[in-house]
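Q: generate a structure from the sequence data that follows.
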Amino acid sequence: MCRPPFRGYDHGLEEPDNAPEQADPHFDRSGAKITREGGDAIIDHADAKVASARVVMGPGIASISDADIVEMYNEILDAQWGLLQQWNKTVVEEPPGEKQIDYYEDSDQWVPRGDVLRCIIDDAGPNGEVTIHIGDQELSLSRGRYRRPRN
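A: Below is the predicted model of the structure:
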């Protein structure tokens, strides 16, 4: 399976005309540094713009060659790419004017009805408390939980 280099998740947006050329989709260890820490392999890419990776290998890591670590890392990337390709990227958004969230008293939780919320977040609550406006609901954060709306 061949995947393009990872540049972020697809949000259904078209590729811009000035998009950079796609590089070889597999990790190449030339210029990269592979170190071992406990049972983990740490892969520092030669390109500083690419984040390091930590791959849990287990206690037998000392007997695994750098080439085998790179092969396993590429297999992980291929598997992740395969899952991403299977993922249905369609999101559900409630139409304007429809309720976006429902309150469930049994669990004392507000739950989104779709995958996307149109909201405004500000700090206009008491003492600068964060307030989230979703449709006609006004929610505020209190001790890390949503509070019932102020009516």
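Q: so where is the protein shaky, pLDDT-wise?
A: Scanning the chain for pLDDT under 70 picks out the ranges 1-30, 142-151.
Q: show me where it has strands.
A: Here the chain has its strands, by DSSP state E, at 33-37, 40-44, 53-56, 101-104, 109-112, 119-122, 131-134, 137-142, 145-146.
Q: next, the angle strand 40-44 makes with the first one.
A: For the pair strand 33-37 and strand 40-44, the angle between their directions (axes from the mean of the first three to the mean of the last three CA atoms, to 10 degrees) equals 150 degrees.
Q: buried ones in strand 33-37?
A: I34 (16 or more other CB atoms under 10 Å). C-beta coordinates here come from the backbone N, C-alpha and C atoms, glycine included.
Q: show me what that strand is packed against.
A: Applying 3 or more CB pairs under 8 Å, 6 or more residues apart in numbering; DSSP states H and E, we find strand 33-37 packed against strand 40-44, helix 66-86.
Q: 7 Å instead?
A: strand 40-44 (3 or more CB pairs under 7 Å, 6 or more residues apart in numbering; DSSP states H and E).
Q: quick one: distance of the strand it packs on to the chain centre.
A: 21 Å (CA atoms, centre = their mean, to the nearest Å).
Q: what's the distance between A46 and S52?
A: Using CB to CB, to the nearest Å, we find A46 at a distance of 11 Å from S52.
Q: re earlier: can you add distance to S65 and give the strands of the chain back as TSV?
A: Shown next, in TSV, are those (distance: least, CB to CB, whole Å):
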stretch	distance to S65
strand 33-37	10
strand 40-44	11
strand 53-56	14
strand 101-104	53
strand 109-112	48
strand 119-122	50
strand 131-134	52
strand 137-142	50
strand 145-146	50
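Q: figure out which of those is closest to K89.
A: With CB to CB as the measure, strand 109-112 is the member of these nearest K89 (17.5 Å).
Q: neighbouring strands for that closest one, and are they parallel or not?
A: Applying DSSP bridges to the sheet, strand 109-112 is found paired with strand 101-104 (antiparallel).
Q: what's in contact with the partner strand?
A: With contacts defined as CB atoms under 7 Å, 6 or more residues apart in numbering, strand 101-104 is touched by 110-113, 134, 137.
Q: now neighbour count and distance to T35 too, for those residues, in TSV please.
A: Output for the contacts of strand 101-104, formatted as TSV (neighbours: other CB atoms under 10 Å; distance: CB to CB, whole Å):
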residue	neighbour count	distance to T35
W110	19	46
V111	9	44
P112	14	42
R113	13	47
I134	18	47
Q137	18	50
